[in-house]
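Fold the stuff below for me.
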Amino acid sequence: MSGRKSSNSSASLKISNDVLTKIAEVAATEIRGVASQGEHLVISDKGMNIAGKFVSPVKAVVRGDAAEISLNIVVLQGCNAGKVAEAVQKSVKSAVQNMAGVPVSKVNVRVADIMLNSAGK
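Below you'll find the predicted structure:
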């Protein structure tokens, strides 16, 4: 559960993986074309429930001195899924590095589903 650590002779600083996960999720929800409810990603019912357990759409793991972040997103109908995923990668990397000071080695984005318009188009 440790993120970036900084220490001197009398103090240390740790940023938890949960904090990195939250930063990544908020950054992803700010991208046009990503289905969200406030600051939370919409969760796809496809592949998000494994063996009866809820699986978070965002996972952050620190390996060495850098974070690896994986996200499962739902893209809104009519949006280019590739461009949305690429924008999510850039936004998440920038947000984590700027807000937490943790270098990001990878941002893996999986488009888990498409949210269709409910207007019956």
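
Determine how far stretch 100-107 lies from the middle of the whole chain.
Taking CA atoms, centre = their mean, to the nearest Å, one finds stretch 100-107 lying 12 Å from the centre of the chain it belongs to.

ok, longest helix in the protein?
Ranked by residue count and defined by DSSP state H, the top helix of the chain is helix 81-100.

and Ser70, what are its bridge partners?
Judged by DSSP bridges, the bridge partners of Ser70 are Lys59, Asn108.

I figured it hits Val58, correct?
Yes. Counting by CB atoms under 8 Å, Val58 is a contact partner of Ser70 at 7.3 Å. Just so you know, the C-beta spots here come from the backbone N, C-alpha and C atoms, and that holds for glycine as well.

so what's the nearest residue to Ser105 once chain neighbours are set aside scoring on pLDDT?
Excluding the flanking residues, the one nearest Ser105 by CB to CB, 6 or more residues apart in numbering is Ala66, at 3.9 Å. Note for Ala66: predicted pLDDT of 94.

now the one 4 residues further on
At Ser70, the pLDDT value in this model is 96.

Please enumerate the helices of this structure.
17-29, 81-100.

if you compare the ones you listed, which one is most tucked away?
Highest mean neighbour count of these: helix 17-29, a mean of 21 (counted as mean count of other CB atoms under 10 Å).

got the angle between it and helix 81-100?
With axes from the mean of the first three to the mean of the last three CA atoms, to 10 degrees defining the directions, helix 17-29 sits at 140 degrees from helix 81-100.

Using PDB, write out every CA atom in helix 17-29.
Output of helix 17-29 as PDB, limited to C-alpha atoms (Å, rounded to 0.1, in the frame of the first residue of the first chain):
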ATOM      1  CA  ASN A  17      -1.900   3.400  -4.000                       C
ATOM      2  CA  ASP A  18      -5.500   4.400  -3.100                       C
ATOM      3  CA  VAL A  19      -4.600   8.100  -3.500                       C
ATOM      4  CA  LEU A  20      -3.000   7.400  -6.900                       C
ATOM      5  CA  THR A  21      -6.100   5.500  -7.900                       C
ATOM      6  CA  LYS A  22      -8.400   8.400  -7.000                       C
ATOM      7  CA  ILE A  23      -6.200  10.900  -8.800                       C
ATOM      8  CA  ALA A  24      -6.300   8.700 -11.900                       C
ATOM      9  CA  GLU A  25     -10.000   8.200 -11.800                       C
ATOM     10  CA  VAL A  26     -10.800  11.900 -11.400                       C
ATOM     11  CA  ALA A  27      -8.400  12.700 -14.300                       C
ATOM     12  CA  ALA A  28     -10.100  10.100 -16.500                       C
ATOM     13  CA  THR A  29     -13.600  11.500 -15.800                       C
END
